[in-house]
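A.B. asks: can't give you the sequence, but here's the structure:
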């Protein structure tokens, strides 16, 4: 994981993970993710986890912690490049979570700058979902 | 006044019943049935009608939203494809017509009857808001047709 004392800015070529905790956030027939996965709520930001300096195991651990904290099932994740999120009014900014310990994630970042109007949020979410990977399943032994 | 009198005449009553029967028969025929969409709306509603259904502070889907989504599907003219259904953290139900990740339409149904839509057709990204008053707005029908004829 990223050194919490030296958090670098998010570069365009970084991969970001968005964890899938709802069945309806992906399409079962082709495993592509729906725009619903990238709709922010209340805030105009959306949580993602940076791949940078994280092992696959660490990434999945974050996902499982997120799901466990919410008492939800982790259905997988979708990866998207930072440059594909920095569109129109959006930017990706580091937002490390250092406490509480059960939410510790120095790789946490926000896609920030969503507009307030619902239709504009949807349009941006559709564009991000188009660039995002299909659902990635956790194939590691611990699940 | 004349229309009202005609509406209550035996002939008008017969025609109304015949039309309703034809509508119901059409509605329940396997080929044209909208039941799968109604089922999916109900399934999503049951899962998302409680506060914090995503354990991240989501608003519950309101009964009025359920009714609007149901009425929207009911008002969708025959021959139009059915959407897949989802929910958003603000409690809206989403109706999605999908061909590919760069060729789709998503409509958010709200409890107050506002429809928020956005679509992607390669480089074209229409978006907007319509009111739902029992009939599917022509704008939405146009975009549904665009999804179906890429």
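C.D. replies: Received, thanks. Just so you know, these numbers come straight off a predicted model, no measurement behind them.
A.B. asks: distance of residue A:131 from residue B:70?
C.D. replies: With distances defined as Cβ to Cβ, to the nearest Å, the gap from residue A:131 to residue B:70 amounts to 33 Å. (Each C-beta comes from the backbone N, C-alpha and C, glycine too.)
A.B. asks: cool, residue B:54 as well?
C.D. replies: The separation that residue B:54 has from residue B:70, given Cβ to Cβ, amounts to 22 Å.
A.B. asks: Just name the shakiest helix or strand of chain A by mean pLDDT.
C.D. replies: helix A:56-69 (a mean of 92; mean pLDDT, DSSP states H and E).
A.B. asks: ok, back up a step: give me the more crowded residue out of residue A:131 and residue B:70.
C.D. replies: Relative neighbour count places residue B:70 above the other of residue A:131 and residue B:70, with 18 against 15, counting by other Cβ atoms under 10 Å in any protein chain shown.
A.B. asks: Same question for the least confident helix or strand of chain A: list its buried residues.
C.D. replies: The neighbour-count criterion (16 or more other Cβ atoms under 10 Å in any protein chain shown) identifies A:59, A:60, A:61, A:62, A:63, A:64, A:65, A:66, A:67 as the buried residues of helix A:56-69.
A.B. asks: can you put these in TSV and add distance to chain B?
C.D. replies: Supplementary listing: these in TSV, determined by distance: Cβ to the nearest Cβ, whole Å:
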residue	distance to chain B
A:59	19
A:60	19
A:61	18
A:62	15
A:63	14
A:64	14
A:65	13
A:66	9
A:67	9
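A.B. asks: farthest-separated two in those?
C.D. replies: Farthest pair in the buried residues of helix A:56-69 (Cβ to Cβ) is A:59 and A:67. Separation: 13.0 Å.
A.B. asks: On the three-state scheme, residue B:133 is what?
C.D. replies: Secondary structure of residue B:133, reduced to three states by DSSP: H, G, I helix; E, B strand; the rest coil: coil.
A.B. asks: mind listing what the residue nearest to it when sequence neighbours are not counted touches?
C.D. replies: If the residues on either side of it in the chain are set aside, residue B:133 comes closest to residue B:113, at 6.9 Å by Cβ to Cβ, 6 or more residues apart in numbering or on different chains. Contact partners of residue B:113, counting by Cβ atoms under 8 Å, 6 or more residues apart in numbering or on different chains, are B:68, B:131, B:132, B:133.
A.B. asks: and those residues as a markdown table, adding pLDDT and neighbour count?
C.D. replies: Putting the contacts of residue B:113 into a markdown table (pLDDT from 0 to 100; neighbours: other Cβ atoms under 10 Å in any protein chain shown) gives the following:
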| residue | pLDDT | neighbour count |
| --- | --- | --- |
| B:68 | 98 | 22 |
| B:131 | 97 | 9 |
| B:132 | 97 | 20 |
| B:133 | 94 | 9 |
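A.B. asks: What are the contacting residues of the host helix or strand of residue B:147?
C.D. replies: Counting by DSSP states H and E, the secondary-structure element that holds residue B:147 is helix B:138-148. Counting by Cβ under 8 Å, 6+ apart, the neighbours of helix B:138-148 from elsewhere in the structure are B:77, B:80-81, B:97-99, B:103-105, B:107, B:115, B:117, B:119, B:121, B:126, B:128, B:130.
A.B. asks: Quick check: buried residues in it?
C.D. replies: Residues B:140, B:143, B:144, B:146, B:147 are the ones in helix B:138-148 that count as buried (16+ other Cβ under 10 Å).
A.B. asks: Could you measure from the first one over to chain A?
C.D. replies: I take that to be residue B:140. In this structure, residue B:140 and chain A are 12 Å apart, going by Cβ to the nearest Cβ, to the nearest Å.
A.B. asks: And that residue, what's its pLDDT?
C.D. replies: For residue B:140, the model assigns a pLDDT of 98.
A.B. asks: Next: the second one.
C.D. replies: In this prediction, residue B:143 carries a pLDDT score of 98.
A.B. asks: Show me what from chain B comes close to chain A.
C.D. replies: For chain B, the contact set with chain A under Cβ under 8 Å from any Cβ of the partner chain comprises B:44, B:54-58, B:84-90, B:92, B:94, B:96, B:98, B:101-102, B:104, B:106, B:108, B:116-120, B:125, B:127-129.
A.B. asks: Would you mind listing which of those are buried?
C.D. replies: When those are checked against 16+ other Cβ under 10 Å, the ones flagged as buried are B:44, B:54, B:58, B:84-90, B:92, B:94, B:96, B:98, B:101-102, B:104, B:106, B:108, B:116-120, B:125, B:127-128.
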